[in-house]
Each structure stands twice: as C-alpha cells, then as structure tokens.
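Asks: Using only what follows, build the 3D model:
(2 chains)
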There are 2 protein chains.
Amino acid sequence: MAFTFQINDEVKFKHDERLLNKAKLYKPTIHQETITPKSIVELVENSRQLEGWGVKDTQDITDLPDIKLKRDQKIVLDFGDHEVGKFSIDINSAGSPMDAPLFIKLKFAEMPAELKHKSEDYDGWLSKSWIQEEYIHLDVLPTHLELSRRYSFRYIEITVIDTSPKWQAVFSNPQVQSETSASTKDLSIPAINDHELDNIYQVGLKTLQDCMQDVFEDGPKRDRRLWIGDLRLQALANYATFKDIGLIKRCLYLFGAMTAEDGRIPANVFTQPNNIPDDTFLFDYSLFFISILDDFQRFQADEELLRDLYPIAKKQMDVALDKVQDNGELILDDSYPVFIDWSNDFDKNTAGQAVLIYTLRQFIHLADMMKDNVGGYSQKLNKLISYSQSELFDEKKGFFVSGPQREVNIPSQVWMVLAHVMDDRLNKQIMQRTVDELFPVTGIATPYMYHHVTQALFEAGMKDEAIKLMKGYWGQMISLGADTYWEAFEPAKPDYSPYGSPILNSYCHAWSCTPVYLIQKYLI
Amino acid sequence: MAFTFQINDEVKFKHDERLLNKAKLYKPTIHQETITPKSIVELVENSRQLEGWGVKDTQDITDLPDIKLKRDQKIVLDFGDHEVGKFSIDINSAGSPMDAPLFIKLKFAEMPAELKHKSEDYDGWLSKSWIQEEYIHLDVLPTHLELSRRYSFRYIEITVIDTSPKWQAVFSNPQVQSETSASTKDLSIPAINDHELDNIYQVGLKTLQDCMQDVFEDGPKRDRRLWIGDLRLQALANYATFKDIGLIKRCLYLFGAMTAEDGRIPANVFTQPNNIPDDTFLFDYSLFFISILDDFQRFQADEELLRDLYPIAKKQMDVALDKVQDNGELILDDSYPVFIDWSNDFDKNTAGQAVLIYTLRQFIHLADMMKDNVGGYSQKLNKLISYSQSELFDEKKGFFVSGPQREVNIPSQVWMVLAHVMDDRLNKQIMQRTVDELFPVTGIATPYMYHHVTQALFEAGMKDEAIKLMKGYWGQMISLGADTYWEAFEPAKPDYSPYGSPILNSYCHAWSCTPVYLIQKYLI
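Replies: Residues are numbered from 1 along each chain as shown, chains lettered A, B, ... in the order given. Presented below is the predicted three-dimensional model:
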C-alpha cells in the first residue's frame, strides 16, 4: 500500500494493553546474515529490462580495493540478489595526506532503472524522503562506515562528490547484514517441475522473506509498515511456506488492540516509536481482520487467539452490516471507502458487496467455533447473496454489474466468484466469459488485484488460465529483471510508475508474494 | 592557509617518537559550553554587509516549538555570535502519524551571504566537501539529533526536504556545545579607549579563541589543521592574550618531530587519524619554526624546549643558507618556493631574502642561548644584509626592488623593514614612501600579509598610519558583518571569494587574529 487517504486528527483510538502485551510477546527474532557484493557493474541499455536499463559486469569484485575514486567518479556494486539490511564498508584515502573531508553519496537501488533517475528531478506527491540515498561527510580516514538505517536493495552506487585534488578515496569490505524474521526451520519448498513456475515461486518466496521483519511490512523499501490488506495475503503465503505463525499472531494482536472509538480497525498501524494506529479506514481492510483470524484458525486452531480477538472481529462485521439495506444491498459512503484496488477508474460497489459476503462466511465460521449465535448473521448473508444474485447479476450479459451505470468490470466478477455467490458451474461460466471478453486485464496495476483475479480463475476450476495469467504477470516481472515482486506492475505499461519515477517505487512488496500460496494451494 | 601545492608521494618523513610523546603531553583539554540560538531570522538584502546580505529577526526563539514545517519549508536560527562546536536539536512530528521518514538538510553558515549560495552551483577546485551541509534521514520521531561532526557557524538553516502530506516537522531545543582549548584563566584584556579599536580587539580575540582546538587550527570551518605560518601569528596573539603556552609547545613539538628526510619542516601537519606531516614545503614557513621557537623563549625561557628543538631549528637555517650565494643573494627555485602571500602576482625574491634575514637574527639569538658557535651565521647575516642594502635597495626610487625586473612592491618594503635591514630613519622613510606611493594596498587579499604591512608601519614608528590601516582593514570586516576575522579580504573587492563562492570561504581564520597582538604590543 502507498496511498494516502483522508487526513484526520480527530479520530480517537483504544490501546488495549493486554492485547498489546500479547503482540509484544510474539515480537520476532531478527535473523542476520552477512552478504557481500558479487560484482562491480555499470548501468547499460537493455531493452528487455525495466525502462530499458540493465547492468553489466565491468570488474571483478576483488579489484575493488585497487580502485581510486576522485571527484565525480562512482562505482556500482551488485549484491547479486535483493537484500534488506544494514550496509557497511571500509574507506581509506590514497595519495597525499587527506587535506579535506571525504564527501560521498550512497544510492541504494532495487532495480537498475533506479540508477538512471536523479532524486533532484523527482517532484511527485509521495515523500522524497523514501528515496534511498545518503550524503555522508567523513572527516578522518581510514574509517569503517556503518550506516544505521536499513535499506532494501540489490545495487549500491557510491559516488565520490569530492575528495581534494591531492588524494582519492578507496573502498573495501562492503557488506550488508541482511535482516528478516523469517526462519527457514519449517520451510518446505515443493518440487515444481515447470521451470517457469518454479522461478515464479522462488521470487515470491524471497519477496515474502524480505517483507518479514518486526511485523509483516508492506515494502521494506517504502512504507515499511503493517497494512491489513497486505497482512492477509502475507499470512496465506506464510502458511504455505515458512509457517511462522508467531508473526501472524503478533500482527493480529496489534490490529485488535488499537481500534477506533467506534470499533473499526484501521487500515494500518505503526510500531515505531511506539504502537500507533493510522487514521485511515477502509471498509474491506477492516473486514479482512475476520478473514485473517479465520484463515489462521483453519491453518491451526488457536483458542486463546480466537477468544481474544473474536469480539473485535464481530465488531467489524457489525459495523459493516449496519451499512446493508433491508433488501441486502450494501451502500457505502466516502467516510469508509472500499479499496479493492488502487485504481479508482472502476465502480467498486459490487466488489465491495462480494468482499462482505466473503468475510461474512468466514465470520459465521468463527462464530460457530465460538458457539456464538449466528442466526442473524446467516439471515444477513442470505439477503446479501440473494440481492447479489437477483439485482447485481445481469443474466443477459452473463456478468455481475456494478453501480448506477451497471458497469461490467473484472473486480466485480472476481470477488463474486471468490465469495462463491453463484454455484461452481456459473462461477466457471463467469470467469470464462471474463477471460473471453474482459481480458487482457487493463487498468489494473497491482499484484494485489492480480492475485484475486488469478485465485478466482483457480476457484472457478480454470487452472490453465490461472497459470497463464501467473506466468504473464509475475513471470513478466522476472523477465524484466525482478529479484522480488513489485508493488505495482501493469503488463501493458511495464515502465509505468504510479509516482512518476522508479526511485519511489517499491520493487519488493508484500502483496505481490502470493504465487507461493497459489502454487501450493492449487498446483501441488 | 588553503592553497594546494605540489603533490608529492615520494617525500619520506621522520617520526621522532620522543618529540611526538612530548607533543602528546601538551594535548589540551577542550572546554565546552552550551550555547542556544538567540533568534529566528531570515535572509534580507543589506547593502552594507558582505555581498549585500544580512539577516533580520522574524520570530522569537521561544516560538520555535510552535513552527510546523512541511516540504520545502525552512527556518534559520541565529546563535548571535560565531561558534565552533557540535550541534543538537530535538525533532518531532505534528499531524497524522509519521508515514514516511523525515528528510532534512542542515546548512551551517558563518556569514549570511553563505545562505544565499547553493552548494550545487559551486564548481571550483577547492573540495566541495568543506561546504558545511548535511542531509539527514530520520526514520522515527521524536528523536534527539546529535550531529557527530564539529561545525563553525553563527547561522543554521534547517530545510525540510520532505515529510509527507500528512504531517509536519517540529524542532525544539537547538543548541551547540561550543569547543575551544583556550582557557580564560590567564586572559587579561587591556582597556582600550578607542571604541573602534576595542571592537577590533574583541573580534580578534574571538577569532583566536575559536581557532584554538586540539592544535592551533588555521580555520575551524575549513582546513582545520596546523600550518606553521598561521602558528607563528597565533602564538604571538596568544602571548598577548590567553598565554596558553602548552598549546604552542605542542605545536612546536609536532613540527619538530616530523621533518622530511632532508631535515626540512613541512608547511603543515595533520593530527588525525594520527600525526602526519603534509608533503608541502615552503621556504619561509620552514624558517618560521626558528621564529616561533625564538618568540617563545622571549616570552618565557624554556630550556627543555630549546634543547629539544634547537637542532631542528638549526637545520632549517642550514638548508636555507645553502641557497645563498657567496655575494649574499638568496636564490630560490620552484622546489622550495617562498610563500609571503597568496598572491603570485608580485616578485617574491626580495621579501624572501628579508624573511631569511629576519629569521637568521632570531636564530643567532637562539644559538647564543644554546652557547652554540654563531660565527658563521653572523657572517652570513652580514652578507645577506649587505647584499640587500647594496643590490636590492634602489636609492633613486627609495624602495627595495625585487627580481630581474627590479619590481617595486609592498611586501619587499614590509619584510625588509621588519627585518631591520636599514636603520630606523630609513625604515620610516621607506614606509612613508610606501604609504605615499604604493597605498592603497592592492592585489593583496590576506590578513596574513596585511598583518605584516601593519606591523612594518608600527616598527617604522608610524603608529597613526598603522591604526588607520588596521581600522580600514579589520574594522571594515566588522562593518561588513564579521563576528570573527576572515581568511581572505580585499577592501577594494569586499565580495571577492578566492574560491568563487562564500560557502567555501573560511570566515574565522587564524592568521587574521593578530590585531590583539598588534594592539597589545604597540598601543597599550
């Protein structure tokens, strides 16, 4: 997630210390590993890669200590894979005594294209502070430079802004202490015969791993915090791979502990300098708290977790159901928008209705486990389904329609299929028609929405189409040079950045890691 | 000093550990004081100040914590006087939770004009690394930011490069821990009735104080190291004020301990990361080792210091005298140039000859103290004087002439007068003629050379002219806004920077502090 929603200083939040203490109990150990760069490279044109930029090896990494850099000279180190961690390097001077400070710039890049763009040229709305660049003065050499911040990168460009005419800067022992809370202890990687799918799986696994930190982060480069929409997908990917349920419990407790006065769960929370809920609320995101809790119980029943969080889950559903008319129609307003996808160029009413059905089914399962009275919820579910079937499905078109203009769009079909509003036969027809008439997908740039499209194809029994979409989407990111999956990618416009510059893009983003889940669930 | 001379990796140096240990013994205590800014200001046009820029108060400093800054907004804090030290400030966020790092730029300026110039526009030969600017990312607020480097400044401009659209940055508790090794324990400030001279004295004292650190630095902003030419003047100023002879001894030992293989003392030494002599040699600078040692003994006889360093002083003289012809003419070559002044637009032969006479007189005094045989040196002195009187003084012109073109320039007159090559009557005539025919001084931009001109006027008994020059030079710097005296200043071109931008200038520079010495010696 990267969007900025309404700014609201007025919202009051609860801080349930009992639940926050449980979140603290599950604070993970950060595993570190020392990684050294594999080569010295330079940026080269490569039409097959993102924005037409790749790298080529220019010198052996063992030559690094022999390279003397003066004003305006630079080197690019390639760590060979995406890394998240802290960088250190030894720096010395060569030539006459050091008669001025050394002034260097370090630029960390996940993709080669970022090296082509200058931060000075960026003037978008997203904060420039995300650009992974540091300017550093060093008064005395030799020194061991250890940067205190954590970066997300594969490439480091070191530019000597100035030495003096009398000496040069020399660099050695660059390394990153990589950081992740993912443990490989319980990791089982399935044997995947299809080489392309195997690659797609591996990159997804690395993406998930690099986003697993003190919480599930949405992107280790940008945002770096816990969004509930991302959490739902990360948790599913995690059950399929690392099986690190402690981190999921931590995140569930964090959300459960900090609801607004009206009971709603915020779309994201901060954990630095202390636990702080954000003042952003999204209808579907709040409901996904139910979904995550239910997914958890299905992976491994946990009575304590359920007992602690069920009341909060129930509150989300009650708030949501308040917005349902007697006829079963969900009516949303701007104060509590439904996300579905970044794009606001399609009508989201029907997809929102479907998400409510999807999560209400999960809520009823939780209520059953809690032996809570589900009668009223089942009635509401039937009304929501019935309204969807009779009023939102256009039999002539064979599609769900959305909003006053009765718009036909992919997200409506996808979410109605995921919510199993129709039977399997009709679901398959809807998705087949979606493929035939609405594909190729346009106007959607997030792996988040692509995940749901792919899963809807799987759910509708269209395995081949699902694989084709997975290869055409996540596979294409790999072709363009991805070591981890991106926050945003639109196959029709591969170079498009939602922020106007790739230096603001997050090229390792949690909500894109789901091929590991989809492959495990539907193909193994 | 700021000039870069020949680059020479080949020079070998001695490291006399016994003398280096003595230098270490006199390592000073750094005294710290907490200073807080006096006001919040903004840059305003002021035609009377340097480059036409001054500041005006815009807000009370107590308002600082109420100021919320977002992207591209800035504040300037005015500490009210020149300070050398480490800066710290508390930073918090206001508004929604901090959903992006804070990215700020801190710019430290000695003079308002520096705030007008952008570092990006500077492309001179002097290292950009001297520009006192830091770019800092802060991932978590609130924080207490303590910069590890030492800065030399009166003004701090804090620019918020970016927050996010949802929150602003708030600053509070800015302070500098000022640093100097100067102790006011033995400081006695003379009562000076002339208000202008009193001001000139005070600014000189602050200049000296801010340059007294672990060694006598030439400039706490730029160069920050021990040059022997600056040391000579700082030591003289120091005897007249703080009387901190330990620091002078430390610096003498540092130079004495690290001579080149051929015995010459380098023009400057570094003390970080360890003691390193620079590979720059200047004829007059090496000789000033003698001068500093002799000035010391005249202030306070120190047998141990004399015994330790006399052989090194003698070596400087012997190397120098090797370049004197039988007729008493000093002939220098490019491998060992004479400095005299930054400017290379005048012939320096005669001034060089005079410096040799000046320091040879002092050497003979030292040799006498050591009961060394001075016979040969006295003979050489007579020859040097005799050649100067007969060959270098043009009776018709009434001036010393220099070089093959028999050029008449101020430095030749000044140094010959300081060396007392002529008798007092003739010295006065020469200086009077200098004032009448060669003033106003042109082509000289250093307080270093202006010091010698002023002192020559005093030595020639022309007190009023000396005061006039002092007021016209150092006094004009104060008029232009100086809190400390500058590395370079040419009254005819007050805005001239030898580096093309004031952000590279050092506005607190040791070799300009000498009014405290001149006033004490000649006017009290």
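
Asks: near chain B, which residues of the stretch 101-250 of chain A show up?
Replies: A:101-103, A:125-130, A:134-135, A:137, A:139-142, A:149, A:161-166, A:223, A:225 (C-beta under 8 Å from any C-beta of the partner chain). (C-beta placed from N, C-alpha, C; glycine too.)

Asks: Generate a PyMOL selection restricted to the buried subset of those residues.
Replies: Restricted to buried positions by 16 or more other C-beta atoms under 10 Å in any protein chain shown, the PyMOL selection for these reads:
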select buried, chain A and resi 101+102+103+126+127+128+129+130+134+135+137+139+141+161+162+163+164+165+166+223+225
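
Asks: At which residues are the strands of the stretch 51-200 of chain A located?
Replies: A:53-60, A:68-69, A:74-95, A:102-109, A:133-138, A:143-146, A:151-162, A:167-180 (DSSP state E, counting those that start in this stretch).

Asks: what mean pLDDT would you report for the third one?
Replies: Averaging pLDDT along strand A:74-95 gives 98.

Asks: Do it and chain B come into contact?
Replies: Yes - using C-beta under 8 Å from any C-beta, strand A:74-95 reaches chain B at residue A:95.

Asks: got the contact list for the spatially closest residue to residue A:321 that is not a sequence neighbour?
Replies: Counting by C-beta to C-beta, 6 or more residues apart in numbering or on different chains, residue A:321 lies nearest to residue A:380, which is 5.5 Å off, once chain neighbours are set aside. Neighbour list for residue A:380: A:321, A:324, A:328, A:360 [criterion: C-beta atoms under 8 Å, 6 or more residues apart in numbering or on different chains].

Asks: Point me to the helix or strand that includes residue A:380.
Replies: For residue A:380, the element it lies in under DSSP states H and E is helix A:375-387.

Asks: buried residues in that helix?
Replies: A:377, A:380-381, A:383-385, A:387.

Asks: Of all pairs in those, which one is the farthest apart?
Replies: Pairwise distances across the buried residues of helix A:375-387 (C-beta to C-beta) peak at 15.6 Å, for the pair A:377 and A:387.

Asks: Out of the strands of the stretch 51-200 of chain A, which is closest to residue A:493?
Replies: That would be strand A:53-60 among the strands of the stretch 51-200 of chain A, by C-beta to C-beta, at 16.3 Å.

Asks: Which elements pack onto that closest one?
Replies: Contacts defined by 3 or more C-beta pairs under 8 Å, 6 or more residues apart in numbering or on different chains; DSSP states H and E place strand A:53-60 against strand A:39-45, strand A:74-95, helix A:112-116.

Asks: What does the pLDDT read for residue A:480?
Replies: pLDDT for residue A:480: 97.

Asks: burial count for the closest residue to it other than its chain neighbours?
Replies: Residue nearest to residue A:480 in three dimensions, not counting chain neighbours: residue A:50, with 4.6 Å by C-beta to C-beta, 6+ apart. By the criterion of other C-beta atoms under 10 Å in any protein chain shown, residue A:50 has 24 neighbours.

Asks: which residues are in contact with the helix or strand of chain A with the lowest mean pLDDT?
Replies: In chain A, the helix or strand scored least confidently by mean pLDDT, DSSP states H and E is strand A:276-277, which has a mean of 94. Strand A:276-277 is contacted from outside by A:13, A:258-260, A:266, A:268-270, B:97, using C-beta under 8 Å, 6+ apart.

Asks: can stretch A:28-38 be found next to chain B?
Replies: No - on the criterion C-beta under 8 Å from any C-beta, stretch A:28-38 is out of touch with chain B, staying 15.5 Å away.

Asks: now the end-to-end length of that stretch.
Replies: Criterion C-alpha to C-alpha, to the nearest Å; first-to-last residue distance in stretch A:28-38 is 30 Å.

Asks: now swap in stretch A:127-134 and tell me
Replies: So stretch A:127-134: terminal residues 15 Å apart, C-alpha to C-alpha.

Asks: give the contact list for the residue nearest to residue A:141 when sequence neighbours are not counted.
Replies: Closest residue to residue A:141 apart from its sequence neighbours, by C-beta to C-beta, 6+ apart: residue A:93 at 4.5 Å. Neighbouring residues of residue A:93 by C-beta under 8 Å, 6+ apart: A:102, A:141-142, A:163, A:167-170.

Asks: Mind listing what's buried along stretch A:312-324?
Replies: In stretch A:312-324, counting by 16+ other C-beta under 10 Å, buried: A:312-317, A:319-321, A:324.

Asks: correction: stretch A:79-87
Replies: For stretch A:79-87, by 16+ other C-beta under 10 Å, it's A:79, A:82-87.

Asks: Just give me the closest of the contacts of residue A:380 to residue A:108.
Replies: Distance to residue A:108, by C-beta to C-beta, is smallest for residue A:360 among the contacts of residue A:380, at 43.8 Å.

Asks: ranges for the helices of chain A?
Replies: For chain A, the helices defined by DSSP state H cover A:17-25, A:112-116, A:195-211, A:228-239, A:245-257, A:283-299, A:303-321, A:349-369, A:375-387, A:410-418, A:424-433, A:447-459, A:463-479, A:515-522.

Asks: before we move on, the earlier item: switch the strands of the stretch 51-200 of chain A over to a markdown table; also include distance to residue B:305.
Replies: Putting the strands of the stretch 51-200 of chain A into a markdown table (distance: least, C-beta to C-beta, whole Å) gives the following:
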| stretch | distance to residue B:305 |
| --- | --- |
| strand A:53-60 | 53 |
| strand A:68-69 | 41 |
| strand A:74-95 | 33 |
| strand A:102-109 | 36 |
| strand A:133-138 | 35 |
| strand A:143-146 | 35 |
| strand A:151-162 | 39 |
| strand A:167-180 | 33 |
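
Asks: hmm, back to that, who wins for most neighbours among the contacts of strand A:276-277?
Replies: Among those, the one with the most neighbours (other C-beta under 10 Å) is residue A:268, at 26 neighbours.
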